[in-house]
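# need the 3D shape of this:
(chains A and B, ligands or ions: 2)
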Amino acid sequence: MNAIISISRRSFIIGVASTAGGLSLGFNVPFIKPALAEGSETAPEINAWVVIRPDDTVVIRIARSEMGQGTLTGLAQLVAEELNCDWSKVTTEYPSPAQNLARDRVWGNFSTGGSRGIRESHEYVRIGGAVAREMLIAAAAAEWGVPASECTARMGMVTHAASDRATFYGQLAAAAARMTPPANVTLKDPKDWTIAGKPLPRLDTADKLNGSQVYGTDLKLPNMLNAAIRACPYFGGKVESFDAAAVAGMPGVRTVVQVDETAVAVVADTWWRAKTALDALPIVWDEGPNRQVTSASIAAMLEEGLGANDAFIGARQGDAGTALSAAGRTVTATYAYPYQNHATMEPMNATALYTPERCEVWVPTQNGEASLAAAAEAAGLPVQQCEVHKIHLGGGFGRRGNFQDYVRQAVSIAKQVPGTPVKLMWSREEDMLHGAYHPTTRCRLTGALDADGNLTALHMRISGQSILAAVRPEGMQNGMDPVVFQGLVLSGTEGTLGYTVDNLLVDHAMRNPPIPPGFWRGVNLNQNALYVECFMDELAHAAGVDPLAFRRKLMAKHPKHLAVLEAVAERIGWDNPPAAGVHRGLAQIMGFGSYVAAAAEVSVTDGQLRIHRIVAATDPGHVVNPAQVERQVEGSFVYGLSACIYGECTVNGGRMEQENFDSYEVLRMAEMPDVETIILPSGGFWGGVGEPTIAVAAPAVLNAIFAATGKRIRTLPLKNHDLA
Amino acid sequence: MARLIINGTPRDIEVDPDTPLLWVIREQIGLTGTKYGCGVAACGACTIHIDGVATRSCALPVSAVEPDQQITTIEGLSPDSSHPVQQAWLALDVPQCGYCQAGMIMAAAGLLMQNPNPADEDINAEITNICRCGTYNRVRAAIKLAAKAGEATQRG
Ligand code: FES
Ligand code: FES
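Ligands and ions are numbered 1, 2, ... in the order given. Okay, here's the model as predicted:
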């Protein structure tokens, strides 16, 4: 099912060229504050990124989706920095995906995932701001009849010092919009930034304090109906039959519809009534081919891969096989990482209005263009007759990007009640049973130590599931999924291994159980960091060397990896003994273009784990908003420690067993450690911050648990282990 | 028919008595600041006040509410986001995605009404709401800031 999206997405982008410029699209977005929609219609657009109203309000267009990570504020800071506007007058709006198509994708990629929001678009959004600034200056210069080179722009005002004239952007906007954009602009050196790089408060906080922020689940449209849905809980199964008549007379019920082959929905006046009727609806499932699949059968499948002969090679140096068989001393360990659910607090939802001529969708999405493609495909309408209105997300974490299942379902339901908007919302149970799960993998690591305790060879055999094979097969390279090796490769800018090992082999035996995998915040870096960083600790222990000293010897050629590791070690006081009963662990990794490390202090008393303190360091190259980076780093420990301690979706009878937060526990306030964040931007590159730190949470804590108890935990989650 | 007093205003509503209060508030009264996260009283997204006591509304049938009980939702916590908890949240820029935050704020306001100066253990015991974005440490700091502002008991 997921593959269909990618295919339609491809043809969709190819279709763009032929439709470019040919569309006229309105800003019919009832839920956005009138002021914003109005601004778009009446105030002059200087360029695609900047609209300036007569009252000097600057509307900055943001293509990426805000899901809590602060990208809205960060991207606006970058544009505003170059625009030289007054930050207190800045507001933001989303351009629509259909508009992006109609305007030749002027806003670039809408996809918001892989911690790419800022690192991939910083340059063109800054150029957008700089170009608009130059056009404002040109407009003022033309009006005054002076050379543009004599004018300066600052704080939303253009000044000509020689003639002592100045005017606000709001006055210039209409004329500026008619100016020819300059062909070249010079971007500021980040060291001269005054808006970007500063810990400014978020632009989107106020509405989140009083209930006025509208999420997808809150959307209200005239005459709207509500739908509750149940898809076949067995992976690969479908609907055999259902008895609509049994619930037709229940209060509020309008209709019961089948949704594709796999699901049934009840449409009612309220969601609660729809859900109540759905619970009473007799449904017979065709349980499909996977009824025998269990967590144990999946584990066996992966276990076989650990010893298989064939594997895709992700990193190779020297000859690990020969070195290991010749080695005097080897250490071997096998680790495992379970399925996880994204469990965004806002369940999946989408609202659709279908007529035979047009389909509109309102949806919290990490990728508006993928939503548009899914809507067009489900509606069976040309993409030009479809529109997607993006709404702030109540959490994304990768669930709302590639996967547009809820959009397809909403459109499929709306098609069966044409002319009436229908809001589809999943129950938490539906959300837990139909995830795009963090894939499961296992890893066997074998390392060779020489007589001096140096690591001379390392083989990491990963066995398990490929995300790309299921959801983005066009990203595969001759059958290999390169993303499996996140953080473990020897070259590139995304995430290299921070250790030099003379004889190294990292390979992957692909084993794909019939469970849909997805990009889950941190993706494959999560388990890769666990494997390599816990095993480094095992090797250090076997060599009788301090874990920091052991790593340091292997990191001489990786100064940026080492710098963040040294930073956390120093701050936590690695060289001094911790308080009585407290023990420490370390981890580092590179991912999403950034270098990250963590040090943890824990105690284990009568088997009870307490995480006292975390120190985290991150080097993302450049920092656009340090306050937001801190929040992302802190939040990463909630996500990463939830996975470490509780996170596990188990399969039984071909379906997931966990259905709600009572069986899928997550970290809560009482367990949350103090987190100190060190931001070390070394410049020269742009890395992401939303994801990489998650990966060091578990290994830092597990290494500390080993220090505390002598127990080496090699399978997550911790709740399955007795630490006493 | 049920009579509810929501944010100070009496409302008469036609409703099946089994309907959880959450859905009456969201779908019949139309106040959508109170969120659905689990429906089984496990996450706290639906937290409101009933006579000043923080309560999860998703598993509470509307018939369990007495006609004279005062129901307060996030929209009614203050007319202008001036409640000390909202002010502390603003000062520390607490929300990320924000979806859990109405429940967090209502839980925090409820806690401060019972205990104007909560210790860490009190916060741990009372604030069991789930936040997947990971705002816990800032929530804790904001509760302490609001407690320091010291007005919670009078304003609550
Ligand atoms: S929705 Fe009520 S506790 Fe989760
Ligand atoms: S702020 Fe997103 S779930 Fe709490």
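# whichever helix or strand A:Leu458 is part of packs against which elements?
Assessed by DSSP states H and E, A:Leu458 sits inside strand A:455-464. Strand A:455-464 is packed against helix A:295-306, helix A:320-326, strand A:441-449, strand A:503-510, helix A:525-543, with contacts defined by 3 or more CB pairs under 8 Å, 6 or more residues apart in numbering or on different chains; DSSP states H and E. The C-beta positions use only the backbone N, C-alpha and C, and glycine is treated the same way.
# please save the CA atoms from the longest one in CSV.
What it means is helix A:525-543. Listed next in CSV are the C-alpha coordinates belonging to helix A:525-543 (Å, rounded to 0.1, in the frame of the first residue of the first chain):
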residue,chain,number,x,y,z
LEU,A,525,20.2,5.5,14.0
ASN,A,526,18.3,4.5,17.1
GLN,A,527,19.3,0.8,17.0
ASN,A,528,22.6,1.4,15.3
ALA,A,529,23.8,3.7,18.1
LEU,A,530,22.5,1.1,20.6
TYR,A,531,24.5,-1.7,19.0
VAL,A,532,27.7,0.1,18.4
GLU,A,533,27.8,2.2,21.6
CYS,A,534,26.8,-0.6,24.0
PHE,A,535,29.3,-2.9,22.3
MET,A,536,32.1,-0.4,22.6
ASP,A,537,31.4,-0.5,26.3
GLU,A,538,31.5,-4.2,26.3
LEU,A,539,34.9,-4.1,24.5
ALA,A,540,36.3,-1.5,26.9
HIS,A,541,35.2,-3.7,29.8
ALA,A,542,36.7,-6.8,28.3
ALA,A,543,39.9,-4.9,27.6
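# any weak-confidence spans in the chain?
Since you didn't name a chain, this refers to chain A. A:1-42, A:115 (pLDDT under 70).
# meant chain B actually
B:151-156.
# export the helices and strands packed on strand A:455-464 to CSV and tack on mean neighbour count?
Converted to CSV, these look like this (neighbours: other CB atoms under 10 Å in any protein chain shown):
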stretch, mean neighbour count
helix A:295-306, 17
helix A:320-326, 16
strand A:441-449, 24
strand A:503-510, 23
helix A:525-543, 25
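# in a markdown table, list the ones you listed along with distance to A:Gln384.
Putting the helices and strands packed on strand A:455-464 into a markdown table (distance: least, CB to CB, whole Å) gives the following:
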| stretch | distance to A:Gln384 |
| --- | --- |
| helix A:295-306 | 44 |
| helix A:320-326 | 55 |
| strand A:441-449 | 42 |
| strand A:503-510 | 39 |
| helix A:525-543 | 39 |
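# nearest to chain B, out of these?
helix A:525-543 (15.1 Å; CB to the nearest CB).
# the helices and strands packed on strand A:455-464: which one's closest to ligand 2?
helix A:525-543 (19.2 Å; CB to the nearest ligand atom).
# taking strand A:455-464 as reference, get the angle to the closest one.
Angle between the axes of helix A:525-543 and strand A:455-464 is 140 degrees (criterion: axes from the mean of the first three to the mean of the last three CA atoms, to 10 degrees).
# packing partners of the helix or strand just after helix A:525-543?
Next in sequence after helix A:525-543, counting helices and strands by DSSP H and E, comes helix A:547-554. With contacts defined as 3+ CB pairs under 8 Å, 6+ apart, the secondary structure elements packing on helix A:547-554 are helix A:525-543, helix A:559-572, strand A:583-591.
# now check the longest one, is it near chain B?
No. Residues of helix A:525-543 are not located near chain B by CB under 8 Å from any CB of the partner chain, the shortest gap being 15.1 Å.
# let me know the angle separating the strand holding A:Leu458 from strand A:441-449.
Using the same axes, to 10 degrees: strand A:455-464 against strand A:441-449 is 170 degrees.
# circling back: okay if I get the helices and strands packed on strand A:455-464 as TSV plus distance to ligand 2?
Below are the helices and strands packed on strand A:455-464 laid out as TSV (distance: least, CB to the nearest ligand atom, whole Å):
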stretch	distance to ligand 2
helix A:295-306	28
helix A:320-326	43
strand A:441-449	27
strand A:503-510	33
helix A:525-543	19
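# close to ligand 2: what parts of chain A are there?
Counting by CB under 6 Å from any ligand atom, chain A comes close to ligand 2 at A:Gly68, A:Met345, A:Gly395.
# residue nearest the centroid of chain B?
For chain B, B:Met106 is the residue whose C-alpha lies nearest the centre (CA atoms, centre = their mean; 2.6 Å).
# and the residue nearest to it when sequence neighbours are not counted, how many neighbours?
Nearest residue to B:Met106, sequence neighbours excluded (CB to CB, 6 or more residues apart in numbering or on different chains): B:Thr47, at 4.3 Å. Here the count is done by other CB atoms under 10 Å in any protein chain shown, and B:Thr47 has 30 residues near it.
# perfect, that will be all.
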